Structure formats: structure tokens, C-alpha cells
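Visitor: no FASTA, just this:
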Ligand SMILES: *Cc1c(COP(=O)(O)O)cnc(C)c1O
């Protein structure tokens, strides 16, 4: 393999496009004749101005974001948004409408319990988060501060295929693990956010796209850094931004445009996921995906080996170890749910999923 690069199935930080890494390498010591690295450059310098503005412009172009929205690059990960969202957007007496689909909605619920009112629109706890609900528009309250969901459940391997319509109540989505993996209509949302380290770039950058009226909703008594207003006014440079990370995100955005934008990327993602789900479904029960078929994620494929049998965990352990030995890395499921997981974000190559499917067939032959 070129550069001995592994086929990396990590859930995050995850694969970056090889051409992006090569460009970063080439520009690392001397960015476009400046004689310095982007890492070493003032975040208020001309060359960085351009990097910053281009990243925002390309994101706007890819998603067709109207000028009613601000595009922000923040820090603190998606996890900080679990607190920043209610701090800024909760209105006294208007409970938050929550769609609870797994671990990544459990975390924001925890934050809501620290003094905000919440109403459960749906909880998948009873069926172990094995599906995404079909939500009627009428399931949502017109009196909510906002409605909240997680578009792709990274750990449980489920993904929304259509989003509910919440009328005048702003819909907010954590899109950390499927952001820019397919087209979506930003106008349906009040705000979306995503940690970069799955589909967009290196860890340390969080993208927030937020409607301008919601930017203004937060109290100006909140800590300055916790207000969306601060970052909107300051062009995400109120303080030093994660400039190198934003630069790499910008290169990834250009790469997505080269792939035919979100429509092109979606086609590739469907094809990749198909390769793995086919290997699971054709195994006659040796491999089993616990997720309901029409809720399956194109980004995180989860499965077990002979679930319920006494060999299950031993086989899974052997699978991870033997796969790693042939260059298929990071296939262990999340510690909360066990089993196996292949994360195949935008930058994961088709060849990686084909190699894994091939390995799965061989492993089954040897062990059944
Ligand atoms: C990874 C992930 C997070 C956590 O992101 P951090 O940047 O580590 O805070 C939140 N939500 C989803 C859906 C994720 O996949």
C-alpha cells in the first residue's frame, strides 16, 4: 500500500482525503510563498483572511446557505454545543422538544436537566435505539423553545433519511457524524452543528450554522465566549480560532466540490455502505446488523458476529485482531454497545469497504 496507509475505520478522528493530506504536507513549511506555515501565521493576516473566507464561502456554496444564516467555526467540540444551545436558545416556560435516539442525544439531555424544561417527543430507549422513528409534524409542540435531534447516531448506527417539519419552532440538529455526507435543506433548520473530526477535517473545529434571529436570542449576560452573538460579530475570530484546523477543513471542502458536491458524495457513500450491508445480509446470520433496515446509517455500519451464541464475543475479538493484522484498522464497536463498527465517512475509500467485505467473507468461511 502507498505510504503503508491503513484502511482506517475509526469513528473519529477519522480518515481525511489523501490528496488533502498531500497538499497540507506540500504547504506545511511555506504556505504559498509566505515563508511560513499556516500554523505560524497571524489569524488576522491577509493570507489567513483568505483561507478563512474561502472555507466559509465553500461551505455556503455546498449547502446553498442563504444570508439569513451565520456560518461559525467554534471550539469545544460538538459537546460544548450540548450546553451552548440551551443557554442561548431556551425560552422560559417553553420546554425543549427532544427526539432521543441514542448516546449522542443522552448527552444534551443531561445538560438540559441542569435547569431547563424538556418534553420527550420520542425515546428509542425501549428498543435499544435500533431505529429512527417516523415523526409526524404534529408530534412537535408549537410552544417549544426549539426541537432537537441527532441526524446520525454514530454509536448505534442509525440515520435520519427524512427530517420532521417543525413549523415555526426552530429545528436543531447535531450532524457531527453525517455532515456534508449528502444534501439537505438548511432552510428546514434553525441551526445545525458538527464537530469536524468525522466528516470535515481535524479535531478542534466545530461548525455551527445558525439563523440570524437565533444568534440574537441569547442573553447578552451570558459569558462572552458562550454567546453565538460574539462569534457572529467577530467573524469567528473574537479570539484566536483553530486556524490550522480551519485551513484543513477548507481543503476538504474544496475536495468535496471536486467530487461533484454533496450529490456526488452521497452516491459514493451509498455505494460504500451497500458493500458492507450486503456482506452482512448475505452471511445467513453469521453477521447480524441490529438496526432496522430503513434506519441504517451510511456512515457507521454496526454489526455482531453470531449474537446470542457463546462464541459471539470471542469471535468479535478475533475479528478485530485479525483484521488489524491485514491493515483494516479500528473495527471495534463503541464500548457502550460492543460488537463491531466500521465508520466509513466521506473520505473513506471504496477500496477500504471492498477489502473489509472480502475479509468478512474469509473470516466467516474459517469460523462457521
Ligand atoms: C463524536 C460526536 C459528538 C462529540 O463530539 P466532540 O467533538 O467529541 O464533542 C457529538 N455528537 C455526535 C453525533 C458525534 O458523533
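Guide: Thanks, I have the structure now. This is a predicted model, so every value here is computed, not measured. Numbers count the residues shown, from 1 in each chain.
Visitor: what about the residue in the chain that the ligand sits nearest to, how many residues close to it?
Guide: Closest contact between the chain and the ligand, by CB to the nearest ligand atom, is at residue 77 (2.7 Å). Where you see a C-beta, it was placed from the backbone N, CA and C, and this is true even at glycine. For residue 77, the count of nearby residues is 17 (other CB atoms under 10 Å).
Visitor: need the contact list for it.
Guide: Counting by CB atoms under 8 Å, 6 or more residues apart in numbering, residue 77 touches 195, 203, 206.
Visitor: strands of the chain, residue ranges please.
Guide: 7-8, 69-74, 96-100, 118-123, 147-150, 152-153, 158-159, 171-174, 191-195, 206-211, 287-288, 300-305, 328-329, 340-343 (DSSP state E).
Visitor: I'd like those strands laid out as CSV, including mean neighbour count.
Guide: Below are the strands of the chain laid out as CSV (neighbours: other CB atoms under 10 Å):
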stretch, mean neighbour count
strand 7-8, 22
strand 69-74, 22
strand 96-100, 23
strand 118-123, 17
strand 147-150, 28
strand 152-153, 28
strand 158-159, 26
strand 171-174, 25
strand 191-195, 25
strand 206-211, 24
strand 287-288, 20
strand 300-305, 26
strand 328-329, 19
strand 340-343, 24
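Visitor: and of the ones you listed, who's closest to residue 85?
Guide: strand 171-174 (6.1 Å; CB to CB).
Visitor: kindly report the residues of the stretch 1-150 of the chain close to the ligand.
Guide: 12, 77-79, 104, 150 (CB under 6 Å from any ligand atom).
Visitor: same thing but at 5 Å, please
Guide: Counting by CB under 5 Å from any ligand atom, the stretch 1-150 of the chain comes close to the ligand at 77-79, 104.
Visitor: with the stretch 151-300 of the chain instead?
Guide: 154, 174, 176-177, 195.
Visitor: can you give me the helices in the stretch 251-368 of the chain?
Guide: With DSSP state H, counting those that start in this stretch applied, the stretch 251-368 of the chain shows helices at 261-281, 312-325, 350-367, listed in chain order.
Visitor: the longest one - contacts with which helices or strands?
Guide: Okay, so that is helix 261-281. Applying 3 or more CB pairs under 8 Å, 6 or more residues apart in numbering; DSSP states H and E, one finds that helix 261-281 contacts helix 46-63, strand 287-288, strand 300-305, helix 350-367.
Visitor: what of the shortest one?
Guide: For helix 312-325, the contact count by 3+ CB pairs under 8 Å, 6+ apart identifies strand 300-305, strand 340-343, helix 350-367 as packing neighbours.
Visitor: and if we set it to 7 Å?
Guide: Identification of packing neighbours for helix 312-325 by 3 or more CB pairs under 7 Å, 6 or more residues apart in numbering; DSSP states H and E yields strand 300-305, helix 350-367.
Visitor: now it: mean pLDDT?
Guide: On average, the pLDDT along helix 312-325 is 97.
Visitor: which residues touch that helix?
Guide: 304-306, 331-332, 339-340, 359, 363, 367 (CB atoms under 7 Å, 6 or more residues apart in numbering).
Visitor: okay, the residues you listed in a markdown table with distance to residue 213 and pLDDT next?
Guide: As requested, those are exported to a markdown table (distance: CB to CB, whole Å; pLDDT from 0 to 100):
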| residue | distance to residue 213 | pLDDT |
| --- | --- | --- |
| 304 | 46 | 98 |
| 305 | 50 | 98 |
| 306 | 53 | 97 |
| 331 | 44 | 98 |
| 332 | 44 | 97 |
| 339 | 43 | 97 |
| 340 | 44 | 98 |
| 359 | 51 | 98 |
| 363 | 53 | 98 |
| 367 | 57 | 96 |
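Visitor: those residues, buried ones only, as a PyMOL selection?
Guide: Here is the PyMOL command that selects the buried residues among the contacts of helix 312-325 (16 or more other CB atoms under 10 Å):
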select buried, resi 304+305+306+331+332+339+340+359+363
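Visitor: how near is residue 15 to residue 103?
Guide: Applying CB to CB, to the nearest Å, the value for residue 15 to residue 103 is 22 Å.
Visitor: hmm, back to that, out of the residues of the stretch 1-150 of the chain next to the ligand, flag the one nearest to residue 261.
Guide: Nearest to residue 261 out of these is residue 78 (CB to CB; 23.8 Å).
Visitor: residue ranges of each domain in this protein, please.
Guide: 18-258, 261-367 (automatic domain parsing).
Visitor: end-to-end on the longest one?
Guide: Read that as domain 18-258. 14 Å (CA to CA, to the nearest Å).
Visitor: low-confidence ranges, the stretch 151-300 of the chain, go.
Guide: Applying pLDDT under 70 to the stretch 151-300 of the chain flags no residue at all.
Visitor: turn the contacts of helix 312-325 into TSV, including distance to residue 128.
Guide: Listed next are the contacts of helix 312-325 as TSV, based on distance: CB to CB, whole Å:
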residue	distance to residue 128
304	12
305	18
306	18
331	21
332	19
339	12
340	16
359	27
363	25
367	26
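Visitor: other residues contacting stretch 45-55?
Guide: The contact list for stretch 45-55 (CB under 7 Å, 6+ apart) reads 31-32, 34, 38, 41-42, 243, 246-247, 249-250, 253.
Visitor: pull out the buried residues from it.
Guide: For stretch 45-55, the neighbour count (16+ other CB under 10 Å) marks 47-48, 51-52, 54-55 as buried.
Visitor: do stretch 213-220 as well
Guide: Across stretch 213-220, burial judged by 16+ other CB under 10 Å covers 214-215, 217-218.
Visitor: please apply the same query to stretch 349-361.
Guide: Applying 16+ other CB under 10 Å to stretch 349-361 flags 349, 352-353, 355-357, 359-360 as buried.
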